[in-house]
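Participant: Dropping a prediction and its sequence here:
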Amino acid sequence: MDKKIEFACEVNEVHPDLLKKVNDTMPEETELYDLAELFKVFGDSTRIRILFVLLQAEVCVCDLAAILNMNQSAISHQLRILKQNKLVKARREGKSIFYSLADDHVKTIIAMGQEHIEEVD
């Protein structure tokens, strides 16, 4: 038997105490926009694959291209987006540039996302 899930109240009743609590803690619109933009970066499977490689090791573009079976230009484009969003950092060693995760927050975001999708109902 399918239960129909309702997404609207049967009566129009506003709860002022809840509204005040939410309004008092709601971030500014610019902060919410920035947060939404950050999460958009995670919406690309190539970028997620790059981040998973960087969870394991610091690598250069050549390594990433070989591991992910992609061309260096495509990898560089995605790295640029990840770097602009402060998710990866780069360091030069001779003629090579090595990439790694920017900080532990990135590891946490990925781990929490994985945990969320692996939850069993």
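Facilitator: Great, that's in hand.

Participant: ok, which stretches of this protein are strands?
Facilitator: If DSSP state E is used as the criterion, the strands of the chain fall at 59-60, 88-93, 96-101.

Participant: Out of those strands, which one sits most buried?
Facilitator: Highest mean neighbour count of these: strand 59-60, a mean of 18 (counted as mean count of other Cβ atoms under 10 Å). Backbone N, C-alpha and C define where each C-beta goes, glycine included.

Participant: Name every strand pairing with it and say which way it goes.
Facilitator: On the basis of DSSP bridges, the sheet neighbours of strand 59-60 come out as strand 96-101 (antiparallel).

Participant: Could you check the angle the strand it pairs with makes with strand 88-93?
Facilitator: Orientation check (axes from the mean of the first three to the mean of the last three Cα atoms, to 10 degrees): strand 96-101 against strand 88-93 gives 150 degrees.

Participant: Tabulate the CA atom coordinates of strand 96-101 in CSV.
Facilitator: What follows is strand 96-101, C-alpha atoms only, in CSV (Å, rounded to 0.1, in the frame of the first residue of the first chain):
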residue,chain,number,x,y,z
SER,A,96,56.2,20.2,-12.0
ILE,A,97,53.3,21.6,-10.0
PHE,A,98,51.9,19.2,-7.4
TYR,A,99,48.3,19.5,-6.2
SER,A,100,46.8,18.5,-2.8
LEU,A,101,43.6,19.1,-0.9
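
Participant: Can you give the contact residues for that strand?
Facilitator: Identification of contacts with strand 96-101 by Cβ atoms under 8 Å, 6 or more residues apart in numbering yields 51, 54-55, 58-62, 64, 79, 87-92, 107.

Participant: mean confidence for stretch 49-58?
Facilitator: Regarding stretch 49-58, the rounded mean pLDDT is 98.

Participant: Run through the residues that contact the most centrally placed residue in the chain.
Facilitator: By Cα atoms, centre = their mean, the chain has its centre lying nearest to residue 42, at 3.5 Å. For residue 42, the contacting residues are 48, 109, 113, by Cβ under 8 Å, 6+ apart.

Participant: Check the gap between the last one and residue 33 for me.
Facilitator: Spelled out, that is residue 113. Distance from residue 113 to residue 33, counting by Cβ to Cβ, to the nearest Å: 21 Å.
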